[in-house]
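Q: Model the following, please.
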Amino acid sequence: MQTTGSAHLRAVALAVALAAAACGGQGKGAQGAAATGDVAGDILRGVEQWRQAYEVRSLEAMSPLYTHADDVVRIHQGRAVKGWREVENQLHGDLTHAQEIHVRLKDIQVVPLGPKAVAVTSAITRDVSDGVTTVTETGFLSLVLRVEGERWVIVSEHYSFAPQPSS
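A: Below is the predicted model of the structure:
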């Protein structure tokens, strides 16, 4: 995973910690979800797990990264899928139809939305191959994560890829 360096990670950690403190302290919520107390690190590790799960095309690895609730939503190029069953079906289709998937993230930003939620944005480049043709998509990814129990889970995933120039 590419990031903008350790200074950026420290700034993310500080922003998340300040938001958690401002919204009720460290007893519950974002701080309670991180056994290590490293909330930003936990979030970034979760994003890296998400990236790796795509690359190994594993629904089993991807499934625990999402809420399994009815309010989960996944948006790709203007099409929304809502509810865990539908999101799971779409992920299964995406992962099984490709023979290779490569995901590169850069300029990852984490913005606290309160003590139990964050928004993650990143530039994304995704290469998807069916074994014959590889399609490269470049654009942006937005994730909204919230605390469920002791972990951060994805409740919203949104891709926006720039149209490819026609030849």
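Q: Dihedrals phi and psi, Glu88?
A: Dihedral pair for Glu88: phi -60, psi -40, per degrees, to the nearest 10.
Q: Tell me if I'm right that it and Leu65 touch.
A: No: counting by Cβ atoms under 8 Å, Glu88 sits too far from Leu65 to count as a contact (11.7 Å). Where you see a C-beta, it was placed from the backbone N, CA and C, and this is true even at glycine.
Q: any idea of the pLDDT on Val81?
A: With respect to pLDDT, Val81 scores 96.
Q: tell me the pLDDT at Thr4?
A: Value for Thr4, per-residue pLDDT: 40.
Q: Could you check the strand or helix carrying Ile75 and say which residues are buried?
A: Assessed by DSSP states H and E, Ile75 sits inside strand 73-76. For strand 73-76, the neighbour count (16 or more other Cβ atoms under 10 Å) marks 73-74 as buried.
Q: Pull up the distance across stretch 56-66, start to finish.
A: For stretch 56-66, the first-to-last residue distance is 17 Å (Cα to Cα, to the nearest Å).
Q: For that stretch, which outside residues touch it?
A: 46, 49-50, 52-54, 72, 84, 87-88, 91-92, 95-96, 98, 101, 151, 153-155 (Cβ atoms under 8 Å, 6 or more residues apart in numbering).
Q: Can you flag which of these belong to helices?
A: Judged by DSSP state H, the contacts of stretch 56-66 include 46, 49-50, 52-54, 84, 87-88, 91-92, 95-96 as members of helices.
Q: Identify, from those residues, the entry nearest to Arg126.
A: Among the ones in helices among the contacts of stretch 56-66, Tyr54 lies closest to Arg126 (Cβ to Cβ), at 7.8 Å.
Q: pretty sure that closest one contacts Leu95?
A: Yes: using Cβ under 8 Å, Tyr54 is in contact with Leu95, at 7.5 Å.
Q: tell me, what's touching those two both at once?
A: Shared contacts of Tyr54 and Leu95, counting by Cβ under 8 Å, 6+ apart, come down to 62, 101.
Q: measure Val73 to Arg85 for me?
A: 13 Å (Cβ to Cβ, to the nearest Å).
Q: and what of Gln77?
A: For Gln77, the distance to Arg85 equals 21 Å [Cβ to Cβ].
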